[in-house]
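Colleague: Have a look; sequence and predicted model below, questions after that.
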Amino acid sequence: MNVELYERVWMWAASLLIAAFLGTILAMTAFHAITPPSHFETVDPSNLAANPEFGSPGVRPGPDGGVVVTVVAEMFDFSPNPIEVPAGRPVTFRLTSADVIHGFEVVGTNANAMAIPGYVSQFTVTFPNSGEYLIACNEYCGLLHHNMVAKLIVKKEAR
Ligand code: CUA
């Protein structure tokens, strides 16, 4: 009789734990949605060409003396490529994808985000020194995923 009681107690305790874990996941999904953690902004992925910003990706002056880089990832390219930014000034990347989920990793730095169709991922970094970096897609996106790279050129400005 005692053994059976123990078993019942453990069974209910384990069931309650599982219910609590599942409940946490469901509550996060229902109340916080699933969006890029960096930024909440949507964009129509089926018609990026008509978007005033993503229709012509490139580097523009930013509000804080830095630059804003608008990037579109698409099988199996980044645009623009190469990307040229100034050293020592804030660089805000704004990314989206025209098809599937891609990655955007500036290899050797902590600049790393996902390009998600329908959403704008945004982050700001400052590159202190001039140099060239490899940008790599780090989310498997199809047969030529391994070829999906671009070049980032960081230039010291002449003063
Ligand atoms: Cu794009 Cu992998």
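Modeller: Here it is on my side, so go on. Small disclaimer: the values here were computed from a predicted structure and weren't measured. Numbers count the residues shown, from 1 in each chain.
Colleague: need the contact list for the spatially most central residue of the chain.
Modeller: Taking C-alpha atoms, centre = their mean, the centroid of the chain lies closest to Met114, which sits 2.3 Å from it. For Met114, the contact set (C-beta atoms under 8 Å, 6 or more residues apart in numbering) comprises Pro36, Leu95, Ile101, His102, Gly103, Phe104, Ser121, Glu139. C-beta coordinates here come from the backbone N, C-alpha and C atoms, glycine included.
Colleague: roughly how far apart are it and Gln122?
Modeller: 12 Å (C-beta to C-beta, to the nearest Å).
Colleague: Repeat that for Ile116.
Modeller: 12 Å.
Colleague: Just the CA coordinates for the helix or strand where Phe93 lies, please, in CSV.
Modeller: In this assignment (DSSP states H and E), Phe93 forms part of strand 90-97. Once non-C-alpha atoms are left out, strand 90-97 reads as follows in CSV (Å, rounded to 0.1, in the frame of the first residue of the first chain):
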residue,chain,number,x,y,z
PRO,A,90,28.2,53.4,-34.8
VAL,A,91,27.0,51.1,-37.6
THR,A,92,23.3,50.1,-37.3
PHE,A,93,22.5,47.0,-39.4
ARG,A,94,18.9,46.6,-40.5
LEU,A,95,18.3,43.1,-42.0
THR,A,96,15.5,41.2,-43.5
SER,A,97,15.1,38.3,-45.8
